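Trainee: 3D, please:
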Amino acid sequence: MNEYEQLRQLAEALHKSRLWKTGSVEQALAVILMGRELGIGPTTALSNVIISAGKPTLGASLVGALIQKSGKYGYTVTEMTDQQVSVEFFEKLANYNGQGVRQLGTSTFTLQDAQRAGLAQSQTWRSYPRNLLLARAITNGARWYCPEVFGGAVYDPEEFSTPGILPPPVDEAPTDATFTPDPSPSLSETTIEGLLAEYSAEQIVSANGGRLPATEEELRAVAERLAGEPAPVG
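Mentor: Model prediction:
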């Protein structure tokens, strides 16, 4: 029996156990394979990776664990109330500023942000605002500052008002950056996501004086600076 057959047999057994909400053996297998890519075991993957609107989504607790486990990145919760949660992200570097870490930026998500995005009407949001504000702040920050840890979309399905349905993500945070899906924008419509498709987060941050660009003017200026740099070797 080859490795694929072994994994499929495992997926079938775990699906039949009904301990996890997998829609099919194939779905269970896909989640297990995704977990392998992220360096987590089958049951952890099935507990924290959910297929929503046909796409795998990661729970905020798994996102936070993978950030800390990466050995390269970390985060600290600096503010947590029922109205607002802020999370500072940093990169771990030896002998940087004598502290060994380089601050990447802060992800803040407020109850007003949730209301504007249509998330705060559910009973879950009314009962556990801090938990869900924290989840959103972590998943937003993960996309902005360390997306390579996850190799794909990072959303927390508990953020959304209708279980199992993933609406278009609201990647908007007035204090940090604005994402508009566009893989190859022109300079007149440059977005942070478009820049990340071509450059590393470190290059973007460095070109903007140590922080992610937050305004259209900064985005255009960073794009112009990066376009004028020689292409990296190797």
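Trainee: so, low pLDDT: which residues of this protein?
Mentor: Where the chain drops to pLDDT under 70, the residues are 1, 51-54, 94-99, 151-202, 204-205, 210-216, 229-234.
Trainee: ok, 80 please
Mentor: Along the chain, the model assigns pLDDT under 80 to residues 1-2, 4, 21, 50-57, 94-99, 150-206, 208-220, 228-234.
Trainee: scan it for its longest helix.
Mentor: Taking DSSP state H as the criterion, the chain has its longest helix at helix 129-145.
Trainee: may I ask which helix or strand encompasses the residue nearest to L134 when sequence neighbours are not counted?
Mentor: Excluding the flanking residues, the one nearest L134 by CB to CB, 6 or more residues apart in numbering is V85, at 4.8 Å. For glycine as for every other residue, the C-beta is placed from the backbone atoms N, C-alpha and C. Per DSSP states H and E, V85 falls inside strand 84-92.
Trainee: next one: S107
Mentor: Counting by DSSP H and E, S107 is part of strand 101-110.
Trainee: how about that strand: buried residues?
Mentor: Buried residues in strand 101-110, defined by neighbour count with 16 or more other CB atoms under 10 Å: Q103, L104, G105, T106, S107, T108, F109, T110.
Trainee: and the closest residue to the fifth one other than its chain neighbours, how far from A65?
Mentor: Read it as S107. Of all residues not flanking S107 in the chain, G141 sits nearest, at 3.1 Å (CB to CB, 6+ apart). Using CB to CB, to the nearest Å, G141 is found at 14 Å from A65.
Trainee: show me what the helix or strand that comes right after the strand holding S107 is packed up against.
Mentor: Remark: after strand 101-110, the chain's next helix or strand is helix 111-116, criterion DSSP H and E. For helix 111-116, the contact count by 3 or more CB pairs under 8 Å, 6 or more residues apart in numbering; DSSP states H and E identifies helix 129-145 as packing neighbours.
Trainee: which parts of the helix it packs on are buried?
Mentor: For helix 129-145, burial by neighbour count (16+ other CB under 10 Å) applies to 129, 131-145.
Trainee: angle of it against strand 101-110?
Mentor: Orientation note: helix 129-145 sits at an angle of 130 degrees relative to strand 101-110 (axes from the mean of the first three to the mean of the last three CA atoms, to 10 degrees).
Trainee: just the CA trace of helix 129-145, in PDB.
Mentor: The C-alpha trace of helix 129-145 is given here as PDB (Å, rounded to 0.1, in the frame of the first residue of the first chain):
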ATOM      1  CA  PRO A 129     -17.200  40.100  21.000                       C
ATOM      2  CA  ARG A 130     -13.600  39.900  22.300                       C
ATOM      3  CA  ASN A 131     -13.000  36.400  21.000                       C
ATOM      4  CA  LEU A 132     -14.200  37.300  17.500                       C
ATOM      5  CA  LEU A 133     -12.400  40.600  17.400                       C
ATOM      6  CA  LEU A 134      -9.200  38.800  18.400                       C
ATOM      7  CA  ALA A 135      -9.800  36.200  15.700                       C
ATOM      8  CA  ARG A 136     -10.300  38.800  13.100                       C
ATOM      9  CA  ALA A 137      -7.200  40.900  14.200                       C
ATOM     10  CA  ILE A 138      -5.000  37.800  14.100                       C
ATOM     11  CA  THR A 139      -6.200  36.500  10.700                       C
ATOM     12  CA  ASN A 140      -5.900  40.000   9.200                       C
ATOM     13  CA  GLY A 141      -2.400  40.400  10.600                       C
ATOM     14  CA  ALA A 142      -1.400  37.000   9.400                       C
ATOM     15  CA  ARG A 143      -2.400  37.900   5.800                       C
ATOM     16  CA  TRP A 144      -0.600  41.200   6.000                       C
ATOM     17  CA  TYR A 145       2.600  40.300   7.800                       C
END
